[in-house]
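Undergrad: Provided below for reference: sequence and predicted model.
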Amino acid sequence: MEHHYLDWAATTPVRPEAAAAALEVMTEGYGNPSSGHEPGRQAARRLREDREAVAAALGARPEEVLFTSCGTESDNWAIRAALQAGRHRGKHIVTTAIEHAAVREPIRALEREGYEVTWLRPDSAGHIDPAQAAAALREDTVLVSMMLVNNELGTLLPVAEAARAIRAAGCPALLHCDAVQGFLKTPFTPGGLGVDLLSVSGHKIGAPKGVGALYVRRGLKLSPLMLGGGQEGGLRPGTEATTQIAAFAAAARAGRASLEADLAAAARRKEEALTALTAALPELRVISPGDVPHIFAVTLPGYKSEVLVRFLSDRGVYLSSGSACHRGKHSHVFAALGLPKSWLDGALRISLSPRTSPDDLAALVQGLTAAREQLFSTLS
Ligand code: PLP
């Protein structure tokens, strides 16, 4: 059976450059960067270069990049540390109703602990009104957390506008951005956005799972995630995951080198996919065409997305009923758009790469056409 992977927002295959870098570090450059001998010094040098590479891809300074184990860790750390920094000023948080669980769940836990949260609501197309963000700011707001690219809709959120509103209001809140779906998928820099903290993850850009980074704006004093040795400036101790970091850096270098061509190729494929799907399936509705090249969301009202995902999977076409993190339940993201139940039931997130082929798209269209013919519709 042929395989057509259309779930690149869930995770990506490891790029050959990243796999080669990982193998090299595992077998040759295996020293502990804290060791004083030559293998240790070599590992420390390599780590420095790898940090520079990730920082360059991000458009940040190397000392602003702290390595973590994943995007979820970066998000949780940023949120807790921002509240710790603002603990004498207040207990109000502003975030959106369409954040990934890695932001949503820690903030919901804080709400239960007594923090007051303003959840910004999207419009029916998945966009957040920047004026709503500005209006939510208060004197006691200590954290604004807003993702850059929504992982289920592909919409861009007004992070730069939120930063400007925070500054204009003279509000001391820190601004955190979950840029896991934006890194090397849409052009931005943390400085250009005006954020204090920004999370990224390796496995979305062709690095292995188990590595991420938190950007911490220069001058911002962060509380440590854990206590231990002095690694990562003493803020995120633990022997550095040099293998994953080397792979992350290799993927970042490769992604940065081909960024413009990759974005253009993915955008073309998305256009083709939307055109082919809407032509072949008149009842298909586009929930979000996506502002970024690699993600869009559609629905087949009357069908169940879980069933569609399995049906397509049996034919070698792999996509998602939303974020991979909440299988079985309606996605809170699609639900936040106020869509009819039949739309929510049939919602699908399709995510592409620059290497998605016309064959992949043809298989998707054929698979959904077959699903419509062979599966039971609650609307028929
Ligand atoms: N934030 C967003 C927007 C994501 O899409 C994901 C992964 O799906 C995460 C955070 C979590 O990243 P990780 O899987 O590296 O923990």
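TA: Perfect, thanks for sending it.

Undergrad: how about low-confidence regions in this structure?
TA: Counting by pLDDT under 70, the chain has low-confidence residues at 323-328, 380.

Undergrad: what do you get if the cut-off is 90, keeping everything else the same?
TA: Flagging of the chain using pLDDT under 90 yields the residue ranges 1, 322-331, 376-380.

Undergrad: So out of everything in it, what residue is nearest the ligand?
TA: Proximity of the chain to the ligand (Cβ to the nearest ligand atom) peaks at residue 71, 2.7 Å away. The C-beta positions use only the backbone N, C-alpha and C, and glycine is treated the same way.

Undergrad: Give me the spatial nearest neighbour of that residue, chain neighbours excluded.
TA: Counting by Cβ to Cβ, 6 or more residues apart in numbering, residue 71 lies nearest to residue 201, which is 3.2 Å off, once chain neighbours are set aside.

Undergrad: wait, the one you found sits on residue 179?
TA: No. Under the criterion of Cβ atoms under 8 Å, residue 201 makes no contact with residue 179, lying 9.2 Å away.

Undergrad: what's around the residue nearest to residue 71, how many residues?
TA: 28 (other Cβ atoms under 10 Å).

Undergrad: now do the same end-to-end measure for stretch 201-213.
TA: End-to-end distance of stretch 201-213 (Cα to Cα, to the nearest Å): 6 Å.

Undergrad: where does residue 4 sit relative to residue 357, distance-wise?
TA: 8 Å (Cβ to Cβ, to the nearest Å).

Undergrad: How about residue 364?
TA: Taken as Cβ to Cβ, the span from residue 364 to residue 357 is 11 Å.

Undergrad: same deal with residue 169?
TA: Between residue 169 and residue 357 the distance is 48 Å, computed by Cβ to Cβ.

Undergrad: Compare neighbour counts for these two and give me the winner.
TA: Legend: neighbour count by other Cβ under 10 Å for residue 169 and residue 357, higher for residue 169 (15 against 11).

Undergrad: Does the more buried one touch residue 137 like I think?
TA: Yes. Residue 169 lies in contact with residue 137 (Cβ under 8 Å); the separation is 4.9 Å.

Undergrad: tally of neighbours for residue 16?
TA: Neighbours of residue 16 (other Cβ under 10 Å): 11.

Undergrad: Kindly report the same for residue 172.
TA: 14.

Undergrad: Reduced to three states, what does residue 119 come out as?
TA: strand (DSSP: H, G, I helix; E, B strand; the rest coil).

Undergrad: Next: the one 5 residues further on.
TA: Secondary structure for residue 124, judged by three-state DSSP, is coil.

Undergrad: for the ligand, what are the nearby residues on the stretch 1-150 of the chain?
TA: Residues of the stretch 1-150 of the chain lying near the ligand by Cβ under 6 Å from any ligand atom: 70, 71, 72, 75, 100, 102, 147.

Undergrad: Sort out for me which of the residues you listed are in strands.
TA: If you go by DSSP state E, those have nothing in strands.

Undergrad: Turn these into CSV, including neighbour count and distance to residue 297.
TA: Shown next, in CSV, are those (neighbours: other Cβ atoms under 10 Å; distance: Cβ to Cβ, whole Å):
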residue, neighbour count, distance to residue 297
70, 21, 24
71, 27, 20
72, 21, 22
75, 31, 22
100, 23, 15
102, 24, 19
147, 28, 15
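
Undergrad: show me where the stretch 101-250 of the chain has helices.
TA: With DSSP state H, counting those that start in this stretch as the criterion, the stretch 101-250 of the chain has helices at 101-112, 130-136, 159-168, 190-193, 242-257.

Undergrad: and the last one, what does it pack onto?
TA: It stands for helix 242-257. helix 16-27, helix 38-58 (3 or more Cβ pairs under 8 Å, 6 or more residues apart in numbering; DSSP states H and E).

Undergrad: In CSV: those, plus distance to residue 217.
TA: Below are the helices and strands packed on helix 242-257 laid out as CSV (distance: least, Cβ to Cβ, whole Å):
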stretch, distance to residue 217
helix 16-27, 27
helix 38-58, 12
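
Undergrad: Of all these, which one comes closest to residue 127?
TA: Shortest separation from residue 127 across the helices and strands packed on helix 242-257 is recorded for helix 38-58, at 24.7 Å, computed as Cβ to Cβ.

Undergrad: relative to helix 242-257, how tilted is that closest one?
TA: 30 degrees (axes from the mean of the first three to the mean of the last three Cα atoms, to 10 degrees).

Undergrad: Can you list the neighbours in contact with helix 38-58?
TA: With contacts defined as Cβ atoms under 8 Å, 6 or more residues apart in numbering, helix 38-58 is touched by 25, 29-35, 61-62, 64-65, 67, 183-184, 189-190, 198, 200, 213, 215, 240, 242, 245-246, 248-250, 252-253, 255-256.

Undergrad: Repeat that for stretch 272-280.
TA: So stretch 272-280 is contacted by 284, 286, 289, 296, 298, 350, 352, 358, 361-362, 364-365, 368-369 (Cβ under 8 Å, 6+ apart).

Undergrad: Restricted to helices, list those residues.
TA: 358, 361, 362, 364, 365, 368, 369 (DSSP state H).

Undergrad: of the residues you listed, buried ones?
TA: In the ones in helices among the contacts of stretch 272-280, burial by neighbour count holds for 361, 364, 365, 368, counting by 16 or more other Cβ atoms under 10 Å.

Undergrad: so who does the second one touch?
TA: Neighbouring residues of residue 364 by Cβ under 8 Å, 6+ apart: 4, 6, 273, 276, 277, 312, 317, 319, 350.

Undergrad: Can you tell me which of the residues you listed is nearest residue 379?
TA: Looking across these and measuring by Cβ to Cβ, the closest to residue 379 is residue 277, at 18.2 Å.

Undergrad: now residue 310: how far from residue 317?
TA: Using Cβ to Cβ, we find residue 310 at a distance of 11 Å from residue 317.
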